[in-house]
Each structure stands twice: as structure tokens, then as C-alpha cells.
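1. Just a sequence and a predicted model for now, questions to come.
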Amino acid sequence: MTAVAVKIALAGVGNCAAVFVQGLAFYTENPPKGLWHPTVAGLKPEDMKVVAAFDIDRRKVGLTLSKAVFAPPNVARRYHAPPRSSVSVAPGVSRGDLPPHLRGLPVDKAGSEDVRRTLEDSGADLLVNLISSGSDASAEEYADASLRAGCAFVNCSPSKVARNGRLSASFAKRRLPLIGDDLMSQFGGTAFHRGLLSLMVKRGVRVSRSYQLDVGGGSETLNTIDESIKTAKREMKTASVAGEVPYQFETVAGTTDFVDYMGNDRTSYFWFEGTNFMGSGLSVDVYLRSSDGANAGNVLFDVVRATYRVAKSGKLGTVNEICAYGFKAPPKPIPFDDANAKFSALYV
Ligand SMILES: NC(=O)c1ccc[n+]([C@@H]2O[C@H](COP(=O)([O-])OP(=O)(O)OC[C@H]3O[C@@H](n4cnc5c(N)ncnc54)[C@H](O)[C@@H]3O)[C@@H](O)[C@H]2O)c1
């Protein structure tokens, strides 16, 4: 057995984290079936390990990570037993921006210095932020604690962290990668929407309008139908999608409803409209069914391994390639195909 290289801390032990840790055990014990990139930056899945975890939900804090990932309100599917681990979920920071699904419930909080100390004691190389959408001040607090602990930071939430000028300057000064924002699932609504638009553009169809309406279960969907969070998340998804077409067109992309019995699954309904020869019209109606946590797994595996490599070298020149490959709102967006090609050339 090889020594584990990549030591990961998780902020937010929700559905995404639940599938991520199951994946670590699965791909250590099984052939790489379903794995997008078995090796990234010279690292394999068995080279990654979770060494610390934070949450504020009292139903999770204090439990071992392998129990916490299945504690309510998580609804992620059970694909595989998580790695046996002595890591227990520590209380995290909260800056009074509780997600709607936790309002009125008991929470356990710690200070930012406690988080910094836990990160240092665990030897974590990077902190992956998987806390709920809308907790912007808390996300920033985790980034600050991570910086003080000398850890790289990967922001999977839509909060403006990698795009925050103060933070990006501070991370750069310490030669630590700051990666984000808003993870782009492997084959989720945004990737699918962008892919179809890109195909229309490449085939010379003049795109006029499109929409993407997502319906799902899980606490993250419940949070994102809250009016304030819904608007911010919709703007972000819409901007990400619009970047695929080199001219103005009308588009809307966002979560429209929560259905509890969908569990961690999501259905995305798409409509595309365009014109081609002599103004003849065409349209596409299509829907995609996927499972959120699993859809994040491959991209998270890739981003974590590439980020670790940058953190160890201290050479930050490729940070934007990681952001553009794995995130909907990178500091410097580039089209989908370019981002994939650049990431592959550098790390795969
Ligand atoms: N495919 C995907 O799942 C996907 C794709 C893109 C982005 N994301 C982002 O990843 C994040 C996690 O998604 P999820 O589906 O796992 O959400 P989730 O609701 O299942 O889990 C969020 C977890 O964060 C915890 N939390 C909330 N505030 C906290 C705080 N201040 N400190 C510590 N923990 C806190 C909650 O208790 C919960 O355990 C979200 O921000 C989401 O937008 C996920």
C-alpha cells in the first residue's frame, strides 16, 4: 500500500461529500470503471484521503465521517461503504448566514481559529468548501482560515471566493492555489446546456433562445428555491451558459422546484431555438436525469488532484486552467472545449 499523498479537509458534510468519500473507497478497491480520469497530475484515487471535516448541523457534528455522510438530511445514495476513518466531524464556522434548510434547527459552531487549528493538526493540504449555497460570509471565513493554515482552497459553492480580489491576492502572496467558484458537474444541466449550444454554434445555427429548468430533491435544491439564493444561482448558471455563444441571445438557466422524494436526483428540462438556411427555424426539447452527488464526483476527483500538484509546486501559473475546467464561475471564463483541452494537456 502506497502512502497517501493528498490530505483533504471538507467543509460541509452533505450529499456531495457523501458521494465523494464513498468514491474514494470504491476506486481504491475497484478497477477505474466510470472514472473519467484514472490518473490526474500523476495521482490515483487511492492517493487521496480525508483527514478533517466540518459541519454545523448537530445531526452530523461529532459523528465519524463514515456515519455523518448518511445522517439526515442527507439523501445521497449508498453506492459503497465509505473508507473506515477515525475522522470525526468538527463544528465549523457560521457567520449568521444559515441556509434555509437549517433555520430553526440546532447548530454547533466553532471559531475561525478552531478551524485553522484543526486544519493544521490534521496536516490537510487543501480545504474543499462544500457548504450550502448562499452562505457567502461563512465561505469567505473558511477561505481565510485555510489561508492562515497554509492550505489550498477549493470553493465548490457559488459564493464569490476565487473571484474575490482580496482573497485571490492573499492566496497568491502565500503561493497557495485558490480554486472556484461553483463546481460544474461532469454531465449536469450546465455542462449539457453549454455542450448543445456549442454544437449549434459549431454547426452554424444562429441560436436565438434557450432555457434550462431544474427540478430536484436534497437540501441544496431546497435552499436554491429560496428567492434570494435562487436569483444569485440563476444569474451564475445563466452567465456560464451564455459564455458558450459568441453573440447575444436570450437564455435562462436555474432551479425551479424542489420535490422531496426525488432524493439526490435532478431532472433538467431544456429548450433550444435557432435559425438556419433562409431563416428556417429549428428547436430542441430534451430532458436530462442525473444524480447530483455522483455527477460532482469525477470533477471533484480531478480538481483535488490538480490543485494538490499546484499547491506542492507553489507554481500558480495553471490555477485558471483548473478553475475554467471544473467550475461554472471561474475568475477568467474560457469556452468549454478550450478548458477541457488545456486541463487534459496539463494534468491527464
Ligand atoms: N453536483 C453537485 O452536487 C454540485 C454541483 C455544483 C455545485 N455544488 C455545490 O456544492 C455545495 C454542496 O452541495 P450538496 O448537494 O452537498 O449540499 P447539501 O445541502 O447536501 O450539503 C451542504 C452541507 O453543508 C453544511 N453546512 C451549511 N453551512 C455550513 C457551515 N457554515 N459550515 C459547515 N457546514 C455547513 C450543511 O449542514 C450540509 O451538511 C453547494 O454549495 C452546491 O451549490 C454541488
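-> Sure thing, it's come through. Numbers count the residues shown, from 1 in each chain.
2. Can you name the residues of the stretch 151-300 of the chain sitting close to the ligand?
-> 156-158, 182-183, 185, 188, 218-220, 292-293, 295-296 (Cβ under 6 Å from any ligand atom). Glycine gets a C-beta too; all of them are placed from N, C-alpha and C.
3. would CSV of those residues with pLDDT and distance to Ser138 be doable?
-> Compiled in CSV, those are given as follows (pLDDT from 0 to 100; distance: Cβ to Cβ, whole Å):
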residue, pLDDT, distance to Ser138
Cys156, 98, 14
Ser157, 97, 9
Pro158, 95, 13
Asp182, 96, 16
Leu183, 97, 17
Ser185, 97, 22
Gly188, 95, 24
Gly218, 96, 19
Ser219, 97, 15
Glu220, 95, 15
Asp292, 97, 21
Gly293, 98, 21
Asn295, 98, 24
Ala296, 98, 20
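4. Just the closest residue of the protein to the ligand, please.
-> Going by Cβ to the nearest ligand atom, the ligand is nearest to Gly14 of the chain, at 1.7 Å.
5. So what's the residue count around that residue?
-> Neighbourhood size, Gly14 [other Cβ atoms under 10 Å]: 28.
6. Tell me which entries of the residues of the stretch 151-300 of the chain next to the ligand lie within helices.
-> If you go by DSSP state H, those have Gly218, Ser219, Glu220, Asp292, Gly293, Asn295, Ala296 in helices.
7. Apart from its neighbours in sequence, what residue is nearest the fifth one?
-> Taking Cβ to Cβ, 6 or more residues apart in numbering as the measure, Gly293 lies nearest to Val19, with 3.3 Å between them; neighbours along the chain are not counted.
8. Just name whatever secondary elements the helix or strand where the one you found lies is in contact with.
-> Using DSSP states H and E, Val19 falls within helix 15-29. With contacts taken as 3 or more Cβ pairs under 8 Å, 6 or more residues apart in numbering; DSSP states H and E, helix 15-29 sits against strand 48-55, helix 218-224, helix 292-313.
9. thinking Pro100 is in contact with Asn223, fair?
-> Yes. With contact defined as Cβ atoms under 8 Å, Pro100 counts as touching Asn223 (5.2 Å).
10. Which positions in stretch 96-112 come out as buried?
-> Asp97, Leu98, Pro99, Pro100, His101, Leu102, Val107, Asp108, Ala110, Ser112 (16 or more other Cβ atoms under 10 Å).
11. what about the closest residue to the fifth one other than its chain neighbours, neighbour count?
-> In space, and not counting its chain neighbours, His101 is closest to Ser219: 4.2 Å by Cβ to Cβ, 6+ apart. Other residues near Ser219 come to 22 when the count uses other Cβ under 10 Å.
12. cool, and Ser86?
-> Other residues close to Ser86 by other Cβ under 10 Å number 8.
13. For it, give me the pLDDT.
-> Ser86 is assigned a predicted lDDT (pLDDT) of 90.
14. dump the residue contacts of it.
-> Thr64 (Cβ atoms under 8 Å, 6 or more residues apart in numbering).
15. Can you pull the poorly scored residue ranges out of this protein?
-> Along the chain, the parts satisfying pLDDT under 70 run over 1-2.
16. Which residue ranges make up each domain of it?
-> Domain ranges of the chain: 6-184+294-347, 189-291, per automatic domain parsing.
17. From the chain's centre, how far out is the first one? Work that out for me.
-> Distance of domain 6-184+294-347 from the chain centroid (Cα atoms, centre = their mean, to the nearest Å) equals 8 Å.
18. ok, now the shortest one?
-> In terms of Cα atoms, centre = their mean, the centre of domain 189-291 is found 18 Å from the chain centre.
19. what's the span of it, first residue to last?
-> In domain 189-291, first residue to last residue: 11 Å (Cα to Cα, to the nearest Å).
20. can you check the first one too?
-> Across domain 6-184+294-347, the straight-line distance between its terminal residues is 15 Å, by Cα to Cα.
21. Give me whichever of the domains of the chain is most buried.
-> Compared across the domains of the chain, domain 6-184+294-347 shows the largest average neighbour count, a mean of 21 (mean count of other Cβ atoms under 10 Å).
22. circling back: the ones in helices among the residues of the stretch 151-300 of the chain next to the ligand: which two are farthest apart?
-> Ser219 and Asn295 (16.2 Å; Cβ to Cβ).
23. Write out the residues of the stretch 1-150 of the chain neighbouring the ligand.
-> 11-17, 54-57, 60, 92-94, 99, 102, 130-133, 135, 138.
24. and with 8 Å instead?
-> 11-19, 54-57, 60, 73-76, 92-95, 97-99, 101-102, 109, 129-133, 135, 138-139, 141-142 (Cβ under 8 Å from any ligand atom).
25. Give me the subset of those lying in strands.
-> Using DSSP state E, Ala11, Phe54, Asp55, Asn129 are the members of those that sit in strands.
26. From Pro100, how far off is the first one?
-> Between Ala11 and Pro100 the distance is 18 Å, computed by Cβ to Cβ, to the nearest Å.
27. Equivalent analysis for the second one, please.
-> In this structure, Phe54 and Pro100 are separated by 20 Å, where distance is defined by Cβ to Cβ.
28. if we can go back for a sec, make CSV out of the residues of the stretch 151-300 of the chain next to the ligand and add distance to Glu120.
-> Output for those, formatted as CSV (distance: Cβ to Cβ, whole Å):
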residue, distance to Glu120
Cys156, 22
Ser157, 23
Pro158, 28
Asp182, 28
Leu183, 26
Ser185, 32
Gly188, 34
Gly218, 32
Ser219, 30
Glu220, 29
Asp292, 32
Gly293, 29
Asn295, 33
Ala296, 27
